[in-house]
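Undergrad: Provided below are the primary sequence and the corresponding predicted coordinates.
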Amino acid sequence: MSENITGITRGGTQWVPAFVVDLNQENCIGCGRCYKVCPRDVFELIEREAADDDDDDDGFSDDTSMVMSLSNAFDCIGCQACSKVCPKDCHSHSPQPLAA
């Protein structure tokens, strides 16, 4: 059984960071708030992939719409700032085990 990564706050309290493990691109509006707040360049803005051949009108133009992507998830420090600024609650976080 692996032990999760832990840290210590400046005040000496133990803290368990929750690292970004997923980004829901279907809900993402490409606002870039998570990109701007992230101190570690974990995200990048990419073109939204063409929608499936369904009749959903999601309000996005397939040829111009952008969406955030996880480009460097292993650089995440677990601060969860991205979740705090995301208006669509697109980020999933989880404590992670120590690397072996």
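TA: Here it is on my side, so go on. Numbering: from 1, shown residues only.

Undergrad: Quick one: neighbours of Arg48, just the number.
TA: Applying other CB atoms under 10 Å, we find 21 residues neighbouring Arg48. Where you see a C-beta, it was placed from the backbone N, CA and C, and this is true even at glycine.

Undergrad: Sorry, slip of the keys, the one I care about is Gly30.
TA: Counted with other CB under 10 Å, Gly30 comes out at 17.

Undergrad: Look up the closest residue to it, ignoring the ones flanking it.
TA: Nearest non-adjacent residue to Gly30, counting by CB to CB, 6 or more residues apart in numbering: Met66, 4.0 Å away.

Undergrad: show me the contacts for the one you found.
TA: Met66 makes contacts with Gly30, Leu45, Ile46, Glu47, Arg48, as judged by CB atoms under 8 Å, 6 or more residues apart in numbering.

Undergrad: Quick check: pLDDT value at Glu49.
TA: With respect to pLDDT, Glu49 scores 71.

Undergrad: Please identify the helix or strand for it.
TA: Per DSSP states H and E, Glu49 falls between elements, in no helix or strand.

Undergrad: Let me see the contact set for it.
TA: Gln25.

Undergrad: mind listing which of the contacts of Met66 are in strands?
TA: Leu45, Ile46, Glu47 (DSSP state E).

Undergrad: what's stretch 75-86 in contact with?
TA: 5, 17-20, 33-34, 36-43, 89, 91, 93, 95-96.

Undergrad: Just those residues: which are in helices?
TA: Arg33, Cys34, Lys36, Val37 (DSSP state H).

Undergrad: give the contact list for the third one.
TA: Residues in contact with Lys36 (CB under 8 Å, 6+ apart) are Val85.
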